[in-house]
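Participant: Give me the fold of what follows.
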Amino acid sequence: MSEDRLWEEPAQVKFRPSYSTTTLFCPGSLLPSLATPDSSGWAAAEGTLFHRVIAEWQLSGERPVWLAGQPFVIDGHAVAVDEEMFVHAEACLERYADIPGQPQIEVRVDISSLTPIPGQSGTADRVHVYPGTVEIIDWKYGKGVQVFANWNTQLLCYAMGVVDKFGDEYAIERIRIHIAQPRLGHFDVWEISRDELELWAFWARAQGLHDIDAASGARWAEGVAREPNSPDFSFSVGGAAYFVVGLHPGASRAARRFCRPALIFNPHEQFERLRADGRYHTMQSIIREREIATRAEDDLRAQLRRAAMRQHHG
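Facilitator: Take a look at the predicted model:
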């Protein structure tokens, strides 16, 4: 392994998954963050070095004792590998040794489906992919704030990237997210379905658009409800009502797949005209029948793929 950090992001990457809670739900924060130089404290530098230690251990298959005693300067901070790092790295690796599938280390995944900037990526610490399931593990060396897996936006961003990358090949329907914080003795796990993940991604982008509207003082569209659970709900952008459909390459529904991540805005007024003309229910029936037929074909392909993979993996 070179002296360069494996997890160092390319220069064009501006959207950091670790900062995703802010940038997803407050899009206006992205521009000032781009203009502000990155800065981090000594604890962050220590965490970066821990990632180096555990990555070297997994890739080499042995305790990376050659890192001990070497001087490292990370983001201007002098840090060193000590015995405590080795102890915690070993505990983490032992804990997750029995997860099925060959572990993939420092996996670069495209997260552009969640960002307003193309070509954005993130690096997942460890990923296991096996028929029907992906498990994503994130190392947290800090001992200040306890971090939890449920609805963790950083890990959800990685999950979207992993599903886009491996979803069809492994017929992924289940995502398990792990947080390992060994210095606090904290190991958390949370599970989400692929459909739930895609729904989260859709609403994350929709919330960002709404926040822009709210900041500009735009009112919610007239004649439609703003509560998503209401039968009269329509999404509002710039004071106009829309029925919005999210598309991306790894969507579980064939009708929602597209070569690039996209949001399709269908004017609410268009559907009202179809209802007035008596054509709405006919069109709805045709679309649903086509979707059901396509989904049945997809389910059959997925079943055959899972059966083939089970045979392949013994």
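Participant: Give the rounded mean pLDDT of stretch 264-283.
Facilitator: Per-region confidence: stretch 264-283 scores 84 on mean pLDDT.
Participant: What of stretch 287-304?
Facilitator: The pLDDT scores in stretch 287-304 average 66.
Participant: Quick one: the strands in the stretch 201-314 of the chain, in order.
Facilitator: Assigned strands in the stretch 201-314 of the chain, in chain order: 235-237, 240-247, 262-267 (criterion: DSSP state E, counting those that start in this stretch).
Participant: ok, and for the second one, which residues are buried?
Facilitator: Of the residues in strand 240-247, those with enough neighbours to count as buried (16 or more other C-beta atoms under 10 Å) are 240, 241, 242, 246, 247. From N, CA and C alone the C-beta is placed, and that goes for glycine too.
Participant: does the fourth one really touch residue 255, like I thought?
Facilitator: No - proximity of residue 246 to residue 255 does not meet the contact threshold set by C-beta atoms under 8 Å, at 11.4 Å.
Participant: how close does the residue lying closest to residue 202 once chain neighbours are set aside get to residue 164?
Facilitator: Among residues not flanking residue 202 along the chain, residue 246 sits closest, at 4.0 Å (C-beta to C-beta, 6 or more residues apart in numbering). According to C-beta to C-beta, to the nearest Å, residue 246 and residue 164 sit 13 Å apart.
Participant: Repeat that for residue 292.
Facilitator: 25 Å.
Participant: now residue 136
Facilitator: 13 Å.
Participant: roughly how far out does the helix or strand where residue 180 lies sit from the chain middle?
Facilitator: Element membership of residue 180, judged by DSSP states H and E, is strand 174-181. Its chain's C-alpha centre and that of strand 174-181 lie 12 Å apart, by C-alpha atoms, centre = their mean, to the nearest Å.
Participant: Quick check: mean pLDDT of the helix or strand harbouring residue 84?
Facilitator: Residue 84 belongs to helix 83-95 when assigned by DSSP H and E. Mean pLDDT, computed over helix 83-95, is 96.
Participant: and that helix, how far from the chain's centre?
Facilitator: 26 Å.
Participant: Phi and psi next, for residue 186.
Facilitator: The phi and psi values for residue 186, taken as degrees, to the nearest 10, are phi -110, psi 120.
Participant: Now do the residue nearest to it when sequence neighbours are not counted against residue 49, distance only.
Facilitator: Counting by C-beta to C-beta, 6+ apart, residue 146 is the residue found nearest to residue 186 once chain neighbours are left out, at 5.5 Å. Look at residue 146 and residue 49: by C-beta to C-beta, they are 21 Å apart.
Participant: can you check residue 91 too?
Facilitator: Noted for residue 91: a distance of 17 Å to residue 49, by C-beta to C-beta.
Participant: mind listing the helices for the stretch 151-300 of the chain?
Facilitator: With DSSP state H, counting those that start in this stretch as the criterion, the stretch 151-300 of the chain has helices at 153-166, 194-216, 268-276, 280-312.
Participant: where does the residue lying closest to residue 184 once chain neighbours are set aside land in three-state SS?
Facilitator: Once flanking residues are discounted, residue 184 sits nearest to residue 143: 5.4 Å by C-beta to C-beta, 6+ apart. In three-state terms, and counting by DSSP: H, G, I helix; E, B strand; the rest coil, residue 143 is coil.
Participant: backbone phi and psi for residue 143, please?
Facilitator: phi -120, psi 20.
Participant: And for it, the neighbour number?
Facilitator: 13 (other C-beta atoms under 10 Å).
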